Every structure is written in C-alpha cells, then in structure tokens.
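Visitor: Predicted model follows, preceded by the sequence.
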Amino acid sequence: MPYRRTPRVEARLSASRERIRAAALAVVAERGYAGCSIAAVARRAGVATGSVYRHFPSKSELVAEVFRVASQREVDAFARAASPARPAAESVAAVIETFAGRALRAPRMAYALLAEPVDPAVDAERLVFRRAYAAVLAGLIGRGIAAGELPDQDVEVSAAALVGAIGEALVGPLAVGATRSADPYPPAAPAVPARTDAAARDRVRADLIFNLTSFAQRSIGAVSANT
C-alpha cells in the first residue's frame, strides 16, 4: 500500500516550505540573487541545507519561486492603484507612481526583480510579469480611449512601451541604491545632518517619480507634448 502523508505531516511540510520561501525573500531583499545561496537561506530559515533542497531541488527553482512571489506582490499593488473612480490618465499616473515609489523604497529587491543577471528560469518569469504590468496599463488606456479621454492608439503597443521605458529609467537609480544597501562597509557619511541627507534623497525620488508620471501621460496623449 503506498504511503500517504497525514494532514499533520502535510501541514508541517507546508510550514517548512513557507519558512524557507520567506527566508529566501529576505536574503534577496538584502543581497540580491547573487547572495541568495542555499546555505544562506538555510541559515536564515533555521533549517539544514538538506531541508531546503527537499522543497527546492536547485537554486534556480528557489530563486524562480522568490521572483514569482515578490513580483506578484508588486503586480497586485500596481493593479490596486488603477482605481476605476479616476479618469484613465490619472490612473496611469497613479500606477506608475506606485510602481516607482515602491521600487525606490526597496532598491535591492526592485533591482533584483527588474535587471539583476539571473538564471534563464527567472528571465522567463520576468517576461510573464512584464506582460502582467502591460495588461493593467492596456486596460487603463483602452478605458481612456472609450471614454474619449485619450486619443486612439494601439493600446498593446503603448502599454508595452511604457513598461519598458519606465523599467529602463529606474534601472540606473535602483542599481546605485542596491549597491549602497548591499555594501557591508559603506563609505563614511558626509558631514551633513542625517535629516538633511534623507530630505535630499526624498526630493530626488519625488522628482524622478514626477518625471516618470509626466512622461507616461504625454506618451499616451493625456497631455500635449508642448504643455
């Protein structure tokens, strides 16, 4: 008679897998995919490396799972910002602001999701989630066209172009932020008050987000290029 796991065993295995996955997410958020070794995840989860391999037979499978979980959170936040109560152009600005704001607040993880060199398995997942972001934008642009708020255009092309352009514009700032957050020996702090330094960073982020949302609205014809 084949062995059948009891509900208690299934629950224990599920809890172990979730603990490992949460540990891997934390490691990637701190060190990126390059620092997400099986040993590091096992230490963070408080389990033996063999336990990690029992659930994820390879690092490639583990980081692909991390990517799916982290990316789905971002897609969900992106979609929630697309309020049907707003005009379409305002919703486009809101989703871009949400996406960029979340990325700039967590640059190490955002850089890992957007641009860090990874295994082909994660690259394949990136394409899936890029399409998910584009689908949200395509829906908003289509709604705007139907309501007469936006000029007629190919919604799929416009949405894909925005996803590519916004992601590319963020890669540089995120790479800088990711390097700083991952450096165990950061350079000595400048001789300025921490509050002033934080305020300056906030202004830079706000300016970048404003420029991205303005670019997005111009790209879909929500405002004149001469405005």
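Guide: That came through, no problem. Numbers count the residues shown, from 1 in each chain.
Visitor: And the nearest residue in space to Val118 that is not next to it in sequence, how close does it get to Ser83?
Guide: Counting by Cβ to Cβ, 6 or more residues apart in numbering, Val118 lies nearest to Tyr33, which is 5.4 Å off, once chain neighbours are set aside. For the C-beta atoms, the positions are set from N, CA and C on the backbone; glycine is no exception. Using Cβ to Cβ, to the nearest Å, we find Tyr33 at a distance of 33 Å from Ser83.
Visitor: Please identify which of those two sits among more neighbours.
Guide: Tyr33 (22 against 12; other Cβ atoms under 10 Å).
Visitor: Quick check: the more buried one touching Leu62?
Guide: No: in terms of Cβ atoms under 8 Å, Tyr33 does not count as a neighbour of Leu62; the distance is 9.9 Å.
Visitor: who's in contact with the residue nearest to Val118?
Guide: For Tyr33, the contact set (Cβ atoms under 8 Å, 6 or more residues apart in numbering) comprises Val63, Ala112, Glu116, Pro117, Val118, Val122.
Visitor: Farthest pair within these?
Guide: Val63 and Pro117 (11.6 Å; Cβ to Cβ).
Visitor: okay, and for this structure, where does confidence drop off?
Guide: 1-5, 9, 180-196, 224-227 (pLDDT under 70).
Visitor: so what's the nearest residue to Gly35 once chain neighbours are set aside up against?
Guide: Leaving aside its sequence neighbours, Gly35 sits nearest to Val27 (Cβ to Cβ, 6+ apart; 6.4 Å). The contact partners of Val27, taken as Cβ under 8 Å, 6+ apart, are Gly35, Cys36, Ala40, Val41, Arg44.
Visitor: quick check, nearest of the residues you listed to Glu10?
Guide: Val41 (22.0 Å).
Visitor: mind checking the SS state of the closest one?
Guide: Taking DSSP: H, G, I helix; E, B strand; the rest coil as the rule, one finds Val41 in the helix state.
Visitor: Can you tell me how far it is from Arg54?
Guide: Applying Cβ to Cβ to Val41 and Arg54 gives a distance of 13 Å.
Visitor: Good, wrapping up.
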